[in-house]
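1. Quick check, what structure comes out for this input:
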Amino acid sequence: MSWIEITLGGLLLISAVSIISMVLLQEAEQQNPGSITPTTSGTFFSQNESRSIDAFYKRWTKIIAVSFFLLVVTLNVVTFILKKSELNALDEQVKKFKEQSQQVKNVEEGTGNEDSDDAKKSDENVKTEGESAEKFNENTKTEDDTEKSSE
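-> Reported below is the predicted structural model:
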């Protein structure tokens, strides 16, 4: 994992814990419990609801939820881009490996580049030198045999 993924993952974890805590800190909204007909009351709390602590929690819950969503999308995009670049790098390494193995295979089979042609020529030279040495040994044996027979 790259440092970008680790950082975004840490921020995602922090925002997840934050959104959970914000939701748990909010009080449940009960609209006139125990009554059949809703009544509106002009209490101080209802008039200043936007300035209360519950309003603060609601506002920050929305902000953290949006940031959580954006972090999830960003982390997925970054991970996709990084994995794609890693796959491209792996593809390049695989291509190089295949080329190298093909070159080794060509050398082993004796086909391919000039080096293998030189290797064939040197093998032929060794064979002809070996044949010449065998002929020389045969000639010396026959000469030795003729000398022994003439004695």
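2. Check what pLDDT V66 gets.
-> Per-residue confidence (pLDDT) for V66: 95.
3. in what helix or strand does it lie?
-> Secondary-structure element containing V66, defined by DSSP states H and E: helix 53-109.
4. which strands and helices sit next to that helix?
-> Using 3 or more CB pairs under 8 Å, 6 or more residues apart in numbering; DSSP states H and E as the contact criterion, the secondary-structure elements in contact with helix 53-109 are helix 3-25, helix 114-150. Quick note: C-beta positions are derived from backbone N, CA and C, even for glycine.
5. Okay, angle between the first one and helix 53-109 too, please.
-> Orientation check (axes from the mean of the first three to the mean of the last three CA atoms, to 10 degrees): helix 3-25 against helix 53-109 gives 150 degrees.
6. Outside of helix 3-25 itself, list whatever touches it.
-> The set of residues that contact helix 3-25 without belonging to it, under CB atoms under 8 Å, 6 or more residues apart in numbering, is 1, 57, 60-61, 64-65, 67-68, 71-72, 74-75, 78-79, 82.
7. Render the CA-only coordinates of that helix in PDB, please.
-> Included here for helix 3-25 are C-alpha records, laid out as PDB according to Å, rounded to 0.1, in the frame of the first residue of the first chain:
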ATOM      1  CA  TRP A   3       1.300   6.300   1.700                       C
ATOM      2  CA  ILE A   4      -1.700   7.900  -0.100                       C
ATOM      3  CA  GLU A   5      -3.900   4.900   0.500                       C
ATOM      4  CA  ILE A   6      -2.800   4.700   4.100                       C
ATOM      5  CA  THR A   7      -3.500   8.400   4.700                       C
ATOM      6  CA  LEU A   8      -6.900   8.200   3.000                       C
ATOM      7  CA  GLY A   9      -7.700   5.000   5.000                       C
ATOM      8  CA  GLY A  10      -6.900   6.700   8.300                       C
ATOM      9  CA  LEU A  11      -9.100   9.700   7.400                       C
ATOM     10  CA  LEU A  12     -11.900   7.300   6.400                       C
ATOM     11  CA  LEU A  13     -11.600   5.600   9.800                       C
ATOM     12  CA  ILE A  14     -11.700   8.900  11.700                       C
ATOM     13  CA  SER A  15     -14.700  10.100   9.700                       C
ATOM     14  CA  ALA A  16     -16.500   6.800  10.300                       C
ATOM     15  CA  VAL A  17     -16.000   7.000  14.100                       C
ATOM     16  CA  SER A  18     -17.000  10.600  14.000                       C
ATOM     17  CA  ILE A  19     -20.200  10.000  12.200                       C
ATOM     18  CA  ILE A  20     -21.100   7.200  14.600                       C
ATOM     19  CA  SER A  21     -20.400   9.400  17.600                       C
ATOM     20  CA  MET A  22     -22.400  12.300  16.200                       C
ATOM     21  CA  VAL A  23     -25.400  10.100  15.600                       C
ATOM     22  CA  LEU A  24     -25.200   8.600  19.000                       C
ATOM     23  CA  LEU A  25     -25.000  12.000  20.700                       C
END
